[in-house]
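J.: No sequence on hand, only this structure:
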């Protein structure tokens, strides 16, 4: 799909080659379903990519990338217009979805087609803590990601970055927060 190739005809030992080249359509991604999912789906989310010119089932190379991350080896060719992939882990909103056919150079990207859900905080382990900092503030929520995402996590208390973040699960982390300059109630600023 997509490359220019000369046409030729062979009769016996004679070969005729066209002066013009034959070019076929590049893949074209038109939609993605679903359009959003958790950042670290652990293989549970199948992305359906629709479009045109995804090539035959026996294409030598085919891939789907979400935000530049490959779905390989979990890409399934359903038809020339439909592919499925098991969603790889990722993060960020408005990620492009790319289909590559025959080589990484023959591709099309639908910009902003897919978003990974952001983390959401639902509870803090305690509401009042010492201004001198605390070694471990439990934070509960959803979509904190899998163990592989632990190094990507950052947390903040009143805009100040936690000195460390400990991943427990997709729904729980702990933050070591720094000492804060706190003005007592009623004191002049």
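T.: Noted; the coordinates are in hand. This one's a predicted model, so the numbers in the text were calculated from it and none came from an experiment.
J.: how many neighbours does the nearest residue to residue 56 once chain neighbours are set aside have?
T.: Closest residue in space to residue 56, ignoring its immediate chain neighbours: residue 80 at 7.2 Å, by C-beta to C-beta, 6 or more residues apart in numbering. For glycine as for every other residue, the C-beta is placed from the backbone atoms N, C-alpha and C. Counted with other C-beta atoms under 10 Å, the burial measure for residue 80 works out to 17 neighbours.
J.: try residue 107
T.: There are 19 residues near residue 107, going by other C-beta under 10 Å.
J.: My read is that it contacts residue 100, right?
T.: Yes. If you go by C-beta atoms under 8 Å, residue 107 and residue 100 touch, sitting 4.3 Å apart.
J.: Mutual contacts of those two, please.
T.: When contacts are counted by C-beta atoms under 8 Å, 6 or more residues apart in numbering, residue 107 and residue 100 are jointly contacted by residue 27.
J.: Look at residue 128 and tell me its secondary structure.
T.: The three-state label for residue 128, taken from DSSP: H, G, I helix; E, B strand; the rest coil, comes out as coil.
J.: Let me see the backbone angles for it.
T.: Backbone dihedrals for residue 128, given as degrees, to the nearest 10, come out at phi -130, psi 130.
J.: On the secondary structure side, give me the element for the most centrally placed residue in the chain.
T.: Closest to where the C-alpha atoms of the chain average out (C-alpha atoms, centre = their mean) is residue 90, at 3.7 Å. In the assignment (DSSP states H and E), residue 90 maps to no helix and no strand.
J.: mind listing what it touches?
T.: For residue 90, the contacting residues are 39, 66-67, 69, 116, taking C-beta under 8 Å, 6+ apart as the criterion.
J.: strand partners of the worst-scoring helix or strand of the chain on mean pLDDT, parallel vs antiparallel please.
T.: The helix or strand of the chain with the poorest confidence is strand 14-23; it has a mean of 74 (mean pLDDT, DSSP states H and E). Partner strands and pairing direction for strand 14-23 (DSSP bridges) are strand 4-11 (antiparallel).
J.: thinking again about what came up before, any figure for the gap between the residue nearest to residue 56 and residue 57?
T.: 9 Å (C-beta to C-beta, to the nearest Å).
J.: try residue 96
T.: 25 Å.
J.: With residue 67 instead?
T.: The value you get for residue 67 to residue 57, if C-beta to C-beta is used, is 26 Å.
J.: Have a look at these two and say which one is more surrounded.
T.: More neighbours surround residue 67 than the other of residue 67 and residue 57, with 18 against 11 (other C-beta under 10 Å).
J.: Quick check: the more buried one vs residue 108, distance?
T.: Taking C-beta to C-beta as the criterion, residue 67 is separated from residue 108 by 15 Å.
J.: who's in contact with residue 10?
T.: For residue 10, the residues meeting the contact criterion (C-beta under 8 Å, 6+ apart) are residue 16.
J.: so what's it bridging to?
T.: Beta-bridge partners recorded for residue 10 (DSSP bridges): residue 15.
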